[in-house]
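Participant: Need the 3D shape of this:
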Amino acid sequence: MSTTTQPAAMRSPFARFGWALADSWAIALRDLHHWVLQPGTVFLGWLFPVMIVLMFGGLFGGAISVPGGGGYFEFLMPGMFATAMLFGLETTMLAVTTDAAKGVTDRFRSLPINSAAVVLGRCIADMLNSVVGLTILVVAGLLLGWRWRGGLIEALAAIGLLLLLRFALLWIGIFCGMIAKRPESVAAVQILVWPVSFLSNVFVDPTTMPGWLGALAQWNPLSATAAAARQLFGNPGWGGEGWIGQHAPLMAIVWPALLVVIFLPLSVRAFRTLAR
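Facilitator: Residues are numbered from 1 along each chain as shown. Alright, predicted model coming up:
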């Protein structure tokens, strides 16, 4: 129902917000239905981070010493939780770009729904997928011997920061999908995922890198969330000597908030422009 045909009482801000949420959930259900039709791809996306943990834990586990006497695996897991929030953005981009290429976006535009609901619905569906994927990775870590050393509240706070990072990154993926000309453009994002992951504190201490490279690694939003998760889980890690390293929990909130403020409006605007 469009706002032009709604009763006057339904044109209040609260009513419009309710209709926008309802429209967003309808779009999210559409995306979830598509995943039910291709379960193999979804399961592979969930298991891929587990494979990366096994590979890097085996490769670096005996070669890197961690401060505080902790094992490398306990250092690695919070970093891999953060890295997993980066994986799968190309899937989001591909879905958005494919909808635009096939004219689905234009059909959405012709429907009496809130324009922001289309991109928000995509984000809701992907967040649900991310929650399942993160749960599987946490369970895999527990089975492999990883443990958190803090309390339950701290662990839940760490999970919240991880999902906050995922929420922010999804808006980057949605925006890039909106402005991409062809589905083939998604390959560029797949290439960039690994440099962003390695140029961080996920696998090694940034202070062991050349000065300028270590500075970039410490200011990587992924590093802030990984460091904050290590602190909250009570796992070993490198705090870093600079301001950014000493304020990881704060930056784990500031970075995602900044990304959302920038890319959420850009995504909505790109949808409106694309659908004209």
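Participant: And the strands in the stretch 51-200 of the chain?
Facilitator: With DSSP state E, counting those that start in this stretch as the definition, the stretch 51-200 of the chain shows no strands.
Participant: okay, and for the stretch 51-200 of the chain, where does confidence drop off?
Facilitator: 60-70, 105-106, 109-112, 115, 183-185, 188-189 (pLDDT under 70).
Participant: Show me the helices in it, by range?
Facilitator: 72-84, 89-101, 104-110, 115-143, 152-179, 186-198 (DSSP state H, counting those that start in this stretch).
Participant: any chance of those helices in JSON lines, with distance to Ala226 too?
Facilitator: Backbone N, C-alpha and C define where each C-beta goes, glycine included. Formatted as JSON lines, these follow (distance: least, C-beta to C-beta, whole Å):
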{"stretch": "helix 72-84", "distance to Ala226": "4"}
{"stretch": "helix 89-101", "distance to Ala226": "17"}
{"stretch": "helix 104-110", "distance to Ala226": "35"}
{"stretch": "helix 115-143", "distance to Ala226": "14"}
{"stretch": "helix 152-179", "distance to Ala226": "9"}
{"stretch": "helix 186-198", "distance to Ala226": "10"}
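Participant: Could you identify which of the ones you listed is most buried?
Facilitator: Burial of the helices of the stretch 51-200 of the chain is given as mean neighbour count (mean count of other C-beta atoms under 10 Å); helix 72-84 ranks first at a mean of 25.
Participant: coming back round to it: among the helices of the stretch 51-200 of the chain, which comes closest to Trp219?
Facilitator: The minimum distance between Trp219 and the helices of the stretch 51-200 of the chain falls on helix 186-198, with 12.1 Å, by C-beta to C-beta.
Participant: Quick one, grab the pLDDT at Leu274.
Facilitator: If you check Leu274, the pLDDT there is 65.
Participant: same question, Asp31
Facilitator: At Asp31, pLDDT is 78.
Participant: Okay, and it sits in which element?
Facilitator: helix 13-37 (DSSP states H and E).
Participant: cool, Phe43 as well?
Facilitator: helix 39-60.
Participant: Let's see that helix as CSV, backbone CA atoms only.
Facilitator: C-alpha atoms of helix 39-60 as CSV (Å, rounded to 0.1, in the frame of the first residue of the first chain):
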residue,chain,number,x,y,z
PRO,A,39,21.4,-24.9,-0.2
GLY,A,40,24.7,-26.1,-1.5
THR,A,41,26.0,-22.6,-2.0
VAL,A,42,24.7,-21.4,1.4
PHE,A,43,26.4,-24.3,3.3
LEU,A,44,29.6,-23.8,1.4
GLY,A,45,29.6,-20.1,2.5
TRP,A,46,29.1,-21.2,6.1
LEU,A,47,31.9,-23.8,6.1
PHE,A,48,34.5,-21.8,4.2
PRO,A,49,35.6,-19.8,7.3
VAL,A,50,36.0,-23.2,9.2
MET,A,51,38.3,-24.4,6.4
ILE,A,52,40.4,-21.2,6.7
VAL,A,53,40.7,-21.7,10.4
LEU,A,54,42.0,-25.2,10.0
MET,A,55,44.4,-24.1,7.3
PHE,A,56,45.9,-21.1,9.0
GLY,A,57,45.9,-22.7,12.4
GLY,A,58,47.9,-25.5,11.0
LEU,A,59,50.3,-23.3,9.0
PHE,A,60,51.1,-20.7,11.6
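Participant: Right, I'll leave it there.
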